[in-house]
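> Sharing a model that was predicted from the sequence below.
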Amino acid sequence: MATSLLSPASAAVYGALNVASLLALAPGGVYDDVPQMPTYPHVFFEVRERDARGLGTGALPEIELRVSAVSNYEGMREAQLIIAKAIELLRDQSLTMTGYEQAGRVFYDETVKLSDEERNGVKVHELVAKFRIYGKEL
């Protein structure tokens, strides 16, 4: 019995995003841990888990997935194109997650713009797409 969906979900998301069509827009790469001196633009994702089962036994872990398009382009267009591609690659998709069967598809919830910030002396723009993934232990 698997104990956490975090690692299998991360591996599945990385596989779904680390493809030529997204890397053409974000040549800096796809990360779940951004390097100290990244190349822009790039994609960063993070997962968080909670139990959504309600009453009864067993588990129904819910993964909250946040995918960020990070760009130093002047304006939002580059980040918008990247996040649109990420949404296209994930929304309503089935993912293969070791030890789990996906319950439903990937749910896309919203995209939000974070405040511009400076990272290692570089002004960046960030758009974050939020998703949910549910898994049933095998």
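Now that the structure is in, tell me what you want to look at. Numbering: from 1, shown residues only.

> going forward, measure contacts between C-alpha atoms and count neighbours the same way
Will do.

> Mind listing what's buried along stretch 97-113?
By neighbour count on 16 or more other CA atoms under 10 Å, the buried set for stretch 97-113 is 97, 99, 100, 102, 103, 105, 106, 107, 108, 111.

> What is the burial count for residue 33?
Here the number of neighbours of residue 33 (other CA atoms under 10 Å) works out to 9.

> my guess is it meets residue 43, correct?
No. Using CA atoms under 8 Å, residue 33 makes no contact with residue 43, being 10.2 Å away.

> mind listing what residue 21 touches?
For residue 21, the contacting residues are residue 85, by CA atoms under 8 Å, 6 or more residues apart in numbering.

> now do residue 68
Applying CA under 8 Å, 6+ apart, the residues near residue 68 are 43, 44, 45, 83, 126, 127, 128, 129.

> quick one: the spatially most central residue of the chain from residue 59, how far?
The chain has residue 67 as the residue nearest its centroid, 3.4 Å off, counting by CA atoms, centre = their mean. Per CA to CA, to the nearest Å, residue 67 is found 25 Å from residue 59.

> who touches the longest helix seen in the chain?
Using DSSP state H to define each element, the chain has its longest helix at helix 77-90. Helix 77-90 is contacted by residues 13, 16-17, 21-22, 25-26, 41, 67-71, 106, 108, 125-129 when judged by CA under 8 Å, 6+ apart.

> Break down this protein into its helices, ranges please.
Going by DSSP H, the chain shows helices at 6-17, 20-23, 77-90.

> Flag the shaky bits of the chain, pLDDT-wise.
1-2, 54-58 (pLDDT under 70).
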